[in-house]
Each structure stands twice: as C-alpha cells, then as structure tokens.
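could you work out the structure for the sequence below:
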Amino acid sequence: MEQNSSLDSIGEAPELQATTRLLNHGRQELSKIIAGQSAFIDQTLIVALCRGHALIEGVPGIAKTLVVKLLAQVLGLEFQRVQSTPDLMPADILGTNVFRSASEEFILHQGPVFTSFLLVDEINRMPPRTQSALLECMEERQVTIDRTGYPLPQAFTVFATQNPIDFEGTYPLPEAQLDRFLMKLRVSYPSADEEKIVLQRHHAVTGAKGLESYSLLPVEAGLLAAAQAEVRRVGIEASLYDYILAVVRRTREWPSLTLGASPRAAVSLMLVAQGFAALEGRNYLVPDDVKQAALPVLRHRLILKPEAELEGNDTDRVITEILAAVPLPKQ
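Numbering: from 1, shown residues only. Presented below is the predicted three-dimensional model:
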C-alpha cells in the first residue's frame with residue numbers, strides 16, 4: 001500500500017470526512033516521533049477504528065510499546081501498561097475488593113484493565129489463569145469481580161505484544177484467546193535511513209524519558225466515534241460477502257491446515273477489510289481490501305499440520321496460497 005496514494009485518495013470521499021481527519025492527524029502526529037513503521041501505524045489505527053484488539057509480534061526495541069502509547073495520546077484516550085510475568089495473578093490486572101475499616105465496607109480497587117488502551121507486554125509470559133481473565137474483558141468489555149460485573153470504557157482495546165524468538169518460560173496462548181484478537185501485527189526492523197533518523201532524534205532530546213517526553217496534539221472530542229461509525233458504513237456488495245466466505249471456508253478444507261478460520265474470523269475479515277478501504281479513502285469494498293486484511297486477520301487463527309511445519313510452511317504462506325486459489329468475484 002502506497003502511503004502517498006492513500007493520502008491523496010482519502011480526500012476524494014466526502015462520506016469519510018471524520019476518518020480522513022483522524023487518519024491524517026494520527027499519521028502526522030506520530031511521524032513527529034516515530035521514524036518509519038508507517039504500515040504498523042496504519043494497522044494500529046485500523047484496530048482502533050474497528051474497535052478490536054491486536055496481538056503485536058516483533059523483537060524487542062522496535063517501538064511497539066511507544067507506538068501504542070503515543071496512539072492513545074493522539075486519540076485522547078487513557079493508557080495503562082502491564083508487564084507480564086509468570087507470577088502475575090488475575091487480581092493484578094482486574095482489581096480486587098479491599099475492606100475499608102473506617103467505613104466498614106468493601107471498596108473496589110480497580111486494576112489496569114479499567115482503561116481505554118491496555119498494553120499487555122509479553123502476554124505469553126502470563127500464566128494461563130491470568131490469560132483467561134482477559135477473555136471476558138476482550139469479548140464483553142466488562143469485568144466480573146466477586147460476582148459483580150463492572151463495565152469497561154467503550155474504547156477499551158487490548159494491544160498485546162510477544163517476542164517471536166523467545167519461547168523459554170512462556171505459555172502459548174490457547175486458540176480461544178487468539179480468536180479474540182482482531183489482528184496479529186508483525187513489526188519488522190526499520191530501514192537504514194529510518195534507523196538513522198531514530199539516532200538523530202534520540203540525540204536531539206534531553207531528559208530521562210527521551211522521546212516519550214514529547215506532547216502530541218490529541219484529536220477533537222467525538223472524532224474517533226464518528227470515524228468508527230463511518231468505517232462500519234463502508235459499502236459491501238453481495239459478491240464480496242461471497243468472496244470473504246469463500247476465503248474463510250477454504251481454510252477449513254486446506255490440506256496443510258489442521259484448524260481453519262472460525263465464523264468470528266469471517267466477521268473480523270469483513271471489518272478489517274472495511275478499515276483498509278477507509279484507509280484508501282473509499283466508501284466501498286474491493287477484493288484488494290480483503291486480500292490486504294487476510295494476513296493480519298487470519299495468520300493467528302490457523303494451525304498447521306506438523307508435517308507442513310516440518311516442510312518449512314507457515315500460515316502467511318498458506319494464506320497467500322488460499323488467496324491465489326479462490327476466484328475473484330465477477331464485476
């Protein structure tokens with residue numbers, strides 16, 4: 001996806017006025033601090049526009065945490081961070097009732113999930129019991145503590161990171177948990193020129209917090225909600241419903257897969273495709289939007305057969321093969 005072409009085309013769709021302003025503002029503000037990573041920034045914006053959750057995979061030190069923290073600042077949302085450890089308990093992230101002797105009553109001490117943007121660092125270092133505590137938060141946007149439900153903010157979004165090469169002392173996420181993530185984003189190293197800009201920017205700042213001390217201008221109140229509504233109104237022709245279903249259903253019969261995509265994956269593929277269409281400035285879906293959405297939406301939902309892994313296959317390659325095998329809808 002060409003960044004310049006998407007920016008040019010955004011202005012051509014009056015139906016996406018709020019989305020246009022949010023995308024342009026978000027990219028402009030984040031580029032003041034983040035060098036490169038334009039695709040990653042765009043995908044995190046899509047996560048926010050689609051009101052989903054994202055699993056972010058990448059080696060340490062490539063600005064995964066910084067991008068999410070700055071995005072929350074640009075969107076005017078509260079941000080909390082949890083560092084996962086093997087001894088982290090559910091109450092550490094959800095909260096607990098604390099008895100106050102003065103009033104002789106229990107008072108809820110809210111955990112970090114009571115926020116808009118929650119960054120869970122190295123989620124695969126959480127024990128399974130604590131991982132499962134996030135399920136209700138992600139699916140229902142509420143927390144149950146001592147049989148009482150507490151609603152989370154409307155904009156509640158989980159960004160969870162994991163290191164792709166460190167497996168010692170980790171607990172792989174179960175399929176039910178993975179299926180709750182709208183997208184799995186993979187972040188690569190910056191280019192040589194971008195990394196040079198990183199060095200220059202760090203050299204130019206003073207203070208312990210470095211680049212994080214910069215204050216970014218947030219969007220106006222209500223713009224995110226308006227943009228989310230616009231994205232949901234992106235038009236979809238009947239033939240594209242069939243195309244989305246054909247891609248998802250083909251995963252369930254593909255010979256190298258032991259587990260295909262669920263109906264929730266089909267819904268996610270449609271939502272993210274709408275996000276990519278809005279990113280390009282269109283208020284209607286085309287097959288290329290579905291193709292762009294397929295990798296981040298499906299890669300964490302498919303399970304390869306052991307023999308396919310031994311042959312060096314991965315889910316990205318399988319998804320690419322499936323997209324090539326499914327006929328495009330007729331115009």
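
kindly list the longest helix within this structure.
Secondary structure assigned by DSSP state H gives helix 263-279 as the longest helix of the chain.

name the next helix or strand following it along the chain.
helix 287-298 (DSSP states H and E).

by contact count, what packs against the next helix or strand after that next one?
Note on helix 287-298: by DSSP H and E, the next helix or strand toward the C-terminus is strand 303-304. Other elements packing on strand 303-304 under the criterion 3 or more C-beta pairs under 8 Å, 6 or more residues apart in numbering; DSSP states H and E are strand 257-259. Every residue, glycine included, has its C-beta placed from N, CA and C.

distance from the chain centre to the strand it packs on, please.
24 Å (C-alpha atoms, centre = their mean, to the nearest Å).

now swap in stretch 83-90 and tell me
21 Å.

and the contacts of that stretch?
Defining contact as C-beta atoms under 8 Å, 6 or more residues apart in numbering, one finds that stretch 83-90 is touched by 82, 120-127, 129-130, 133, 169.

are any of those buried, and which?
Neighbour-count burial (16 or more other C-beta atoms under 10 Å) applied to those gives V82, V120, D121, E122, I123, N124, R125, M126, P127, T130, A133.

state the pLDDT value of the closest residue to the fifth one other than its chain neighbours.
To tie it back to what came earlier, the one meant is I123. Nearest non-adjacent residue to I123, counting by C-beta to C-beta, 6 or more residues apart in numbering: A160, 3.9 Å away. We note a pLDDT of 95 for A160 in this prediction.

circling back to that earlier point, dump the buried ones among the contacts of stretch 83-90 into CSV; add secondary structure as well.
Converted to CSV, these look like this (DSSP: H, G, I helix; E, B strand; the rest coil):
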residue, secondary structure
V82, strand
V120, strand
D121, strand
E122, coil
I123, helix
N124, helix
R125, helix
M126, coil
P127, coil
T130, helix
A133, helix
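
what segments of the chain are strands?
Listed in chain order, the strands of the chain (DSSP state E) span 54-57, 79-83, 95-100, 105-110, 117-121, 142-145, 148-151, 157-162, 183-186, 257-259, 303-304.

parallel or antiparallel, list what pairs with the shortest one.
Within its sheet, and counting by DSSP bridges, strand 303-304 is paired with strand 257-259 (antiparallel).

residues contacting the partner strand, please?
E175, T251, R301, L302, I303, L304, K305, A308, V318.

run a quick neighbour tally on G61.
Per other C-beta atoms under 10 Å, the neighbour tally for G61 reads 8.

that should have said G235, apologies.
For G235, using other C-beta under 10 Å, the count is 12.

quick one: furthest residue from the center of the chain?
A102 (43.2 Å; C-alpha atoms, centre = their mean).

could you pull up phi and psi at that one?
Dihedral pair for A102: phi -60, psi -40, per degrees, to the nearest 10.

residue contacts, it?
Contact analysis of A102 by C-beta under 8 Å, 6+ apart lists nothing.

tell me the pLDDT at the residue nearest the centre of the chain?
Closest to where the C-alpha atoms of the chain average out (C-alpha atoms, centre = their mean) is A54, at 2.5 Å. Note for A54: predicted pLDDT of 96.

so it makes contact with A160?
Yes - counting by C-beta atoms under 8 Å, A54 does reach A160; the two are 7.4 Å apart.

and for those two, which residues touch both?
Common neighbours of A54 and A160, counting by C-beta under 8 Å, 6+ apart, are F181.

residue ranges with poor pLDDT in this protein?
Counting by pLDDT under 70, the chain shows low-confidence ranges at 1-14, 166-169, 206-214, 331.

which stretches of the stretch 1-150 of the chain form helices?
Counting by DSSP state H, counting those that start in this stretch, one finds helices in the stretch 1-150 of the chain at the ranges 3-10, 17-31, 38-49, 64-74, 90-94, 128-140.

looking at those helices, which is nearest to V247?
helix 38-49 (18.2 Å; C-beta to C-beta).

show residues contacting that closest one.
Applying C-beta under 8 Å, 6+ apart, the set of residues contacting helix 38-49 is 1, 3, 19, 22-23, 26-27, 30, 34, 53-54, 67-68, 71, 75, 155, 157, 159, 182-183, 185, 187, 224, 227-228, 231, 272, 275-276, 278-279, 296.

before we move on, back to that, now the strands of the chain as a markdown table including distance to A204?
A markdown table is the format used below for the strands of the chain (distance: least, C-beta to C-beta, whole Å):
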| stretch | distance to A204 |
| --- | --- |
| strand 54-57 | 27 |
| strand 79-83 | 24 |
| strand 95-100 | 40 |
| strand 105-110 | 38 |
| strand 117-121 | 26 |
| strand 142-145 | 42 |
| strand 148-151 | 43 |
| strand 157-162 | 27 |
| strand 183-186 | 28 |
| strand 257-259 | 49 |
| strand 303-304 | 46 |
